[in-house]
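Undergrad: sequence and computational prediction follow.
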Amino acid sequence: MRAQRKQCQVGSKYTKRYSEEYKRDAIELVRSSGRTVTEVARELGVSSESLRGWVKKARAAQDTGSGPGSVRAGRAADDRDEELKRLR
């Protein structure tokens, strides 16, 4: 995965900016790999604090039912509820 980032000058320092697609891919890598945020961040060359924040924000969006994973999460919850009913 190649970083799609832009350099933005803030005062005399430069801040890395990552595309939403890059962030989604990085979050999915954390979720699917079973590795820690720190390990994935190191591999990608991203700050572990940045990646941790992205993951936390994505979880919050999923829990509240907003964001790109919410439809899938809603279906998973419905499937789980149906399975529980069937088992009872």
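TA: Yep, that arrived.
Undergrad: wait, is Arg17 part of a strand?
TA: Yes. Assigned with DSSP: H, G, I helix; E, B strand; the rest coil, Arg17 falls within a strand.
Undergrad: and it, how far is that from Ser32?
TA: Distance of Arg17 to Ser32, given as Cβ to Cβ, to the nearest Å: 24 Å. The C-beta positions use only the backbone N, C-alpha and C, and glycine is treated the same way.
Undergrad: so the two - more neighbours on which side?
TA: More neighbours surround Arg17 than the other of Arg17 and Ser32, with 11 against 8 (other Cβ atoms under 10 Å).
Undergrad: tell me the confidence at the more buried one?
TA: Here, the pLDDT recorded for Arg17 equals 86.
Undergrad: and what of the one 3 residues further on?
TA: Per-residue confidence for Glu20 comes out at a pLDDT of 92.
Undergrad: burial count for it?
TA: 10.
Undergrad: ok, now Thr36?
TA: Other residues near Thr36 number 12, with proximity taken as other Cβ under 10 Å.
Undergrad: and it, backbone torsions?
TA: Main-chain torsions, Thr36, degrees, to the nearest 10: phi -80, psi 160.
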